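Visitor: Could you work out the structure for the sequence below:
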Amino acid sequence: MSDLSSPELAAKVHALMPQLQRDLEDLVRIPSISGDGMPAEPIQAGHDAVAELLRGAGVEKVWTLELPDTNPIVMGEIPAPPGAPTVLLYSHYDVVPAGDLEEWDTDPFEPVTKNGAIYGRGSADTKSNIMAHVGALRAWDGKPPVGIKIVIEGQEEVGGGALTPYPPTNPELFWADVMIIGDMGSVSPGIPTLTVALRGMCEVTFEVRTLASAKHSGQYGGAAPDALVALVQALATLHDEHGNVAVEGLRREEWTGGGSSEDEFYALAEVQGDLPLIGTGNLGSRVWSGPAITIVGIDVPSVDGAVNAVSPYARAKLNIRVHPEQDAAEAQAAVIAHLQQTKPFGIGFTVSGGATGNGFAARTESLAYDAARESWQATWEADVVKVGVGGSIPLVNALQQAAPEADMLLVGATDGYANIHGPNERVLLDEFEKATLAEADFLGRFAAAYARAQA
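Guide: The predicted model follows:
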């Protein structure tokens with residue numbers, strides 16, 4: 001095992017940064033947008049570029065996992081030295097669309113470096129995290145003191161395709177002692193952060209038809225069953241007067257870790273004026289360890305095209321975020337039951353479930369977690385905070401099923417102000433360098449701790 005000290009490793013990573021920055025800029029230039037109707041060529045180009053970067057970082061065994069109706073997955077492996085543990089490195093090379101180009105200050109797929117940051121779609125989410133993996137391997141000259149497995153997918157932003165259920169059916173391919181999930185980062189710049197919880201997710205759609213067709217509101221309004229009024233009444237039952245989710249059977253607990261302050265949350269959410277936040281309890285319990293129900297779509301007559309008529313039909317789609325340890329299908333069933341029992345004016349609904357994805361709760365008492373805390377604390381020279389994330393990474397739960405004893409470290413180069421999925425997405429070069437160094441340091445620190453434990 002290499003005897004690189006932390007100062008030597010820090011100097012090496014710092015020397016690598018100019019090339020890592022250039023390589024990240026090249027990745028950002030590839031518009032590897034996943035989703036139906038998106039061109040296949042940029043996805044393939046993203047895959048090929050990542051594979052080449054890994055080979056250049058010393059991963060001699062790199063191959064492609066091809067699954068039905070799924071973008072190609074970059075796989076790789078460096079055999080473990082005798083008696084050493086294995087660490088799996090995960091990330092994804094696909095990105096979301098740029099959105100409204102007028103909201104961008106620069107071309108989203110032409111990276112621009114200014115004010116200590118690289119701007120461009122995917123710079124933070126999550127091509128910088130791919131490069132943190134590459135940089136950590138380069139820091140060890142492609143010969144890390146642990147075995148390495150690589151999984152870089154190309155469809156995470158749209159659910160993962162056939163990869164999401166795949167790991168539990170082929171566990172030997174994904175087995176590892178530790179998995180570093182490179183799709184996270186610091187809660188705020190300069191604060192070393194380990195994400196220890198991900199909320200699950202499920203979708204529910206419900207609809208109602210009350211009339212054969214729209215009817216004149218003057219002749220029929222007041223007695224004819226209005227589908228839209230019934231839908232609105234049902235939607236209003238999902239939350240109590242404070243804004244807390246009011247569906248029985250959805251799990252919620254108080255959050256005991258760290259996280260953003262309410263002032264920071266106001267800024268990040270861009271809350272307008274002096275409007276209050278909704279819900280009660282601490283912020284973490286509302287966005288990380290409790291449920292949220294968001295109305296993400298509704299079919300109703302538009303205001304601009306409105307006519308004076310009683311609505312015969314209405315439909316709404318709900319996105320439900322679920323406690324990290326609650327089964328998403330169980331939560332979905334609770335929401336469906338709630339809506340089926342809600343019959344405003346005696347009007348019932350047709351309710352159906354959509355996609356589900358379970359959340360994740362990390363073990364925080366282990367050899368690997370202790371090593372990670374030490375590495376992140378030493379790199380940032382600050383106390384580590386534990387946070388949750390309201391979003392989901394579909395593959396995390398499947399990887400945990402494939403290797404139940406593996407420790408999961410959810411980390412990365414982004415930060416709470418990176419504006420991922422929004423205009424002017426950016427990654428701070430300082431956070432990028434620190435994430436790379438912390439990961440490289442962890443590989444050495446964990447290998448040493450593992451050897452001591454086995455002795």
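Visitor: And this protein, what are its domain boundaries?
Guide: Following automatic domain parsing, one finds the domains of the chain at 6-198+359-454, 200-252+290-357.
Visitor: Mind putting those into CSV with distance to residue 265 and mean pLDDT?
Guide: For every residue, glycine as well, the C-beta is placed using N, CA and C. Formatted as CSV, the domains of the chain follow (distance: least, CB to CB, whole Å; pLDDT from 0 to 100):
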stretch, distance to residue 265, mean pLDDT
domain 6-198+359-454, 9, 96
domain 200-252+290-357, 14, 96
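Visitor: just those: most buried one?
Guide: domain 6-198+359-454 (a mean of 20; mean count of other CB atoms under 10 Å).
Visitor: tell me the strands in the stretch 351-455 of the chain, going along the chain?
Guide: 360-361, 385-389, 407-411, 414-415, 426-428 (DSSP state E, counting those that start in this stretch).
Visitor: Between those, which one is closest to residue 445.
Guide: With CB to CB as the measure, strand 407-411 is the member of the strands of the stretch 351-455 of the chain nearest residue 445 (12.1 Å).
Visitor: Which residues are in contact with residue 438?
Guide: Residue 438 is in contact with 192, 375-376, 378-380, 411, counting by CB atoms under 8 Å, 6 or more residues apart in numbering.
Visitor: What sits closest to it if chain neighbours are left out?
Guide: Computed as CB to CB, 6 or more residues apart in numbering, the closest residue to residue 438 that is not its neighbour in sequence is residue 379, at 4.1 Å.
Visitor: Kindly report the same for residue 385.
Guide: Leaving aside its sequence neighbours, residue 385 sits nearest to residue 258 (CB to CB, 6+ apart; 3.4 Å).
Visitor: Next, count neighbours for that neighbour.
Guide: When neighbours are counted by other CB atoms under 10 Å, residue 258 registers 16.
Visitor: picking up where we left off before, distance to residue 197 for the strands of the stretch 351-455 of the chain - can I get that in TSV?
Guide: As requested, those are exported to TSV (distance: least, CB to CB, whole Å):
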stretch	distance to residue 197
strand 360-361	5
strand 385-389	4
strand 407-411	9
strand 414-415	17
strand 426-428	23
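Visitor: Need the domains of the chain in CSV (columns: distance to residue 272).
Guide: Rendered in CSV, the data for the domains of the chain read as follows (distance: least, CB to CB, whole Å):
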stretch, distance to residue 272
domain 6-198+359-454, 16
domain 200-252+290-357, 16
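Visitor: Out of the ones you listed, which is closest to residue 270?
Guide: Closest approach to residue 270 among these (CB to CB): domain 6-198+359-454, 9.7 Å.
Visitor: ok, residue 203 - contacts?
Guide: Contact analysis of residue 203 by CB under 8 Å, 6+ apart lists 317-320, 332, 353-356.
Visitor: Could you measure from it over to residue 350?
Guide: Separation of residue 203 from residue 350 (CB to CB, to the nearest Å): 15 Å.
Visitor: Need the nearest residue in space to residue 251, chain neighbours excluded.
Guide: The spatial neighbour of residue 251 that comes closest, neighbours along the chain excluded (CB to CB, 6+ apart), is residue 323 at 3.9 Å.
Visitor: what residues are up against the one you found?
Guide: Residues touching residue 323, when contacts are defined by CB under 8 Å, 6+ apart, comprise 199-200, 250-253, 289-291, 331, 359.
Visitor: What of residue 28?
Guide: Residue 28 makes contact with 109, 111, 118, 120-123, 127, according to CB under 8 Å, 6+ apart.
Visitor: Reformat the contacts of residue 438 into TSV and put distance to residue 421 next to each item.
Guide: Putting those into TSV (distance: CB to CB, whole Å) gives the following:
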residue	distance to residue 421
192	24
375	28
376	25
378	31
379	27
380	25
411	19
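Visitor: wait, is residue 118 part of a helix?
Guide: No. When the secondary structure is assigned by DSSP: H, G, I helix; E, B strand; the rest coil, residue 118 falls in strand instead of a helix.
Visitor: Okay, and the beta partners of it?
Guide: Using DSSP bridges, the beta-bridge partners of residue 118 come out as residue 113, residue 427.
Visitor: now it: how far from residue 297?
Guide: Computed as CB to CB, the residue 118 to residue 297 distance reads 34 Å.
Visitor: swap in residue 341?
Guide: Computed as CB to CB, the residue 341 to residue 297 distance reads 23 Å.
Visitor: Tell me which residues touch the residue nearest to residue 382 when sequence neighbours are not counted, please.
Guide: Of all residues not flanking residue 382 in the chain, residue 192 sits nearest, at 5.7 Å (CB to CB, 6+ apart). Applying CB under 8 Å, 6+ apart, one finds that residue 192 lies in contact with 186, 376-377, 379-380, 382-385, 434, 438.
Visitor: In helices, which of these fall?
Guide: Among the contacts of residue 192, the residues falling in helices (DSSP state H) are 376-377, 379-380, 434, 438.
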